[in-house]
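Participant: I would like to see how this sequence folds:
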Amino acid sequence: MSTGYFGNWGGAFIPEVLHETFVQLNKAYKEIRADKAFWQEYLDLMMNYSCRPTPLTYAKNLSDHFGGAQIFIKREDLNHTGAHKANNVMGQGLLVKRMGKKRVIAETGAGQHGVATATMAARFGFDCTIYMGEEDVERQRPNVFWMEKLGATVVPVTDGSRTLKDAINEAFRDWVTRMDDTHYVFGTVCGPHPFPEMVAWFQSIIGTEAHEQILKQFGKLPSRVYACVGGGSNAIGVFQGFLDDEVELVGVEAGGKGIETDQHAARMKGNRASPGVAQGYKTMFLQDDDGQMLDTHSIAAGLDYVGISPILAELGESGRVRFEAVTDAEVLEALTLTMQKEGIIPALESTHGFVQAFKEAGQMSPDEAIIINMSGRGDKDIFTIAHSYDDPSWKEFIVKRARMYQS
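Facilitator: Model prediction:
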C-alpha cells in the first residue's frame, strides 16, 4: 500500500484549508502506531470500560435448523454502547487526548457511532457535536435521545437525501471552521487518509479475537466469515483476522427493494456503482453519469451510504472478498428466525450478514464452521422493526402514548 492508497482506491482529496490539520493528524497517527504503550493502553481501556473481548457464541439451534455448517456469532452487540463502533471511537479518543484537542465532532447514520462518540466524549471530558441526517434522526430517535442525554449536541442535516453522506458533508464543514480545537472522529473506514487505515486498525480487535476464539472453540479455522457492509468498519474489522488464511470472506450489502431497482445501496454487487472521488477519497460510488450521487435505500440506516471503504473496494476488486446483496424482506425473515431460535436480536444492519450465511450454511458440511459478525444489537431498531412487521399491539401502544403526551 502506498500512503493512503489501497490498490486504485483511497487517497486524501482535501481542501487546502485542511492541509495542516491532516499533517498534524498523520504525524500523531504515525506516533501511536509506533508506540506499543499506546496499544496496550487501548486494550486495557477496551477490557475495563468496554467489556472486551466480546464472546464468540455457538448458535446450536440455528446450526441444527440448517443442518450444515456450525454457526458462530461474533457478539459485537455486547460491546459497550451496543455495537462495534466503540472500538474505533475509544481509540480515537485516546488520540485526541494526545493531540490536546478539547472538542470532537462526528457523523452518524444508524446512530450507533453517534452514541459511541458521545459516550467517549463524556468519558474523556470533550465537547461533542454529532451530525445526523434528518431522515435518520426520525427513524433512530432512541439513539438521538441517548446522544443528547450523554451531553452531545445533535444537529439534524436537512440537505440532500438527509442521510449519512449529507451528515459527513456537514461534519467536514464544521471541521474547517474549528480545526485548532476540534477532531473529526470519522466513523467508518472511508474518507481521506489516514482515516481508512486508522479506523481499520482499531477495528482489527474484532478479527484478532475471533481468530483466537474459533480455534479454541472449534479446533480449526472457519470456512467463511460473513459481515454486513455499509462503509465497512465492522466488516474490515473481522476480516482482518482472517486475511492471511484460507478463509472465504463475504461482505453483504443492502439490496433494499432489490438491486434491479433504484432503491438499494449495493456498490460492489451488481453494476450500478462506478469510480469517483468524493468526501476526501476515491472509491466506488453510486452516482449518475454526471458524477452526482444517487439516492440510496435500506431498511437499515447504517447501510445506506453511497460509497464503500477503499480497503474493501480493493479487496473486492482483487477477489479476496466476495460481495452479495440481500433485500429488506429477507432481512426481516432472518431477524425473526434468529430471535426465535437463539434469543438474540441483531441490528438490522447485522442481520444482512445473517441472511447470506443462512442461504449458504445448509449447503456446507457439519464439520465446517462459519462466523457471522453481529455488528450491533437490534433494540435501537424497535420503531423500524415494529412498523415493518405491521404489529397491531405496537400501533396501539404508540397511539396511546401519543395521547398521553398530548394530554
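Participant: any stretches of the stretch 251-400 of the chain with poor pLDDT?
Facilitator: Low-confidence segments of the stretch 251-400 of the chain, defined by pLDDT under 70, are absent.
Participant: correction: the stretch 51-200 of the chain
Facilitator: Low-confidence segments of the stretch 51-200 of the chain (pLDDT under 70): none present.
Participant: list the contacts for residue 155?
Facilitator: Contacts for residue 155 (Cβ atoms under 8 Å, 6 or more residues apart in numbering) come out as 129, 130, 131, 132, 170. Placement of C-beta: from N, CA and C, glycine included.
Participant: can you rerun that using 7 Å?
Facilitator: If you count contacts by Cβ atoms under 7 Å, 6 or more residues apart in numbering, residue 155 has them with 129, 130, 131, 170.
Participant: out of the residues you listed, which are inside helices?
Facilitator: residue 170 (DSSP state H).
Participant: looks to me like residue 88 is in a helix.
Facilitator: Yes - under DSSP: H, G, I helix; E, B strand; the rest coil, residue 88 sits within a helix.
Participant: tell me how far it lies from residue 116.
Facilitator: 8 Å (Cβ to Cβ, to the nearest Å).
Participant: tell me the first helix or strand C-terminal of whichever strand in the chain runs longest.
Facilitator: Using DSSP state E to define each element, the chain has its longest strand at strand 248-256. Along the chain past strand 248-256, the next helix or strand (assigned with DSSP states H and E) turns out to be strand 273-278.
Participant: packing partners for that next one?
Facilitator: strand 281-286 (3 or more Cβ pairs under 7 Å, 6 or more residues apart in numbering; DSSP states H and E).
Participant: who touches the strand it packs on?
Facilitator: Under Cβ under 7 Å, 6+ apart, the answer for strand 281-286 is 9-11, 13, 190-192, 267-268, 272-276, 278, 293-294, 296, 306-308, 310, 313.
Participant: orientation of it relative to strand 273-278 in degrees?
Facilitator: Per axes from the mean of the first three to the mean of the last three Cα atoms, to 10 degrees, the angle that strand 281-286 makes with strand 273-278 is 140 degrees.
Participant: got the buried residues for strand 281-286?
Facilitator: Neighbour counts over strand 281-286 (16 or more other Cβ atoms under 10 Å) mark 281, 282, 283, 284, 285, 286 as buried.
Participant: which helix or strand lies directly C-terminal to that strand?
Facilitator: Per DSSP H and E, the first helix or strand lying C-terminal to strand 281-286 is helix 310-318.
Participant: among the contacts of strand 281-286, name the buried ones.
Facilitator: Using 16+ other Cβ under 10 Å, the buried members of those are 9-11, 190-192, 267-268, 272-273, 276, 278, 293, 296, 306-308, 310, 313.
Participant: so what's residue 143 closest to, chain neighbours aside?
Facilitator: residue 111 (2.8 Å; Cβ to Cβ, 6 or more residues apart in numbering).
Participant: again, but for residue 204
Facilitator: residue 240 (4.4 Å).
Participant: and residue 10, by the same measure?
Facilitator: residue 310 (3.8 Å).
Participant: residue 8 is in contact with that neighbour, correct?
Facilitator: No - using Cβ atoms under 7 Å as the test, residue 310 is too far from residue 8 to be in contact (8.5 Å).
Participant: the closest residue to residue 164 other than its chain neighbours and residue 70, how far apart?
Facilitator: Excluding the flanking residues, the one nearest residue 164 by Cβ to Cβ, 6+ apart is residue 109, at 3.7 Å. Using Cβ to Cβ, we find residue 109 at a distance of 33 Å from residue 70.
Participant: repeat that for residue 367.
Facilitator: Residue 367 is 8 Å from residue 70, by Cβ to Cβ.
Participant: do the same with residue 173
Facilitator: Remark: distance between residue 173 and residue 70 (Cβ to Cβ) = 48 Å.
Participant: which of the two has more neighbours?
Facilitator: Using other Cβ atoms under 10 Å as the criterion, residue 173 and residue 70 rank with residue 70 on top: 25 against 10.
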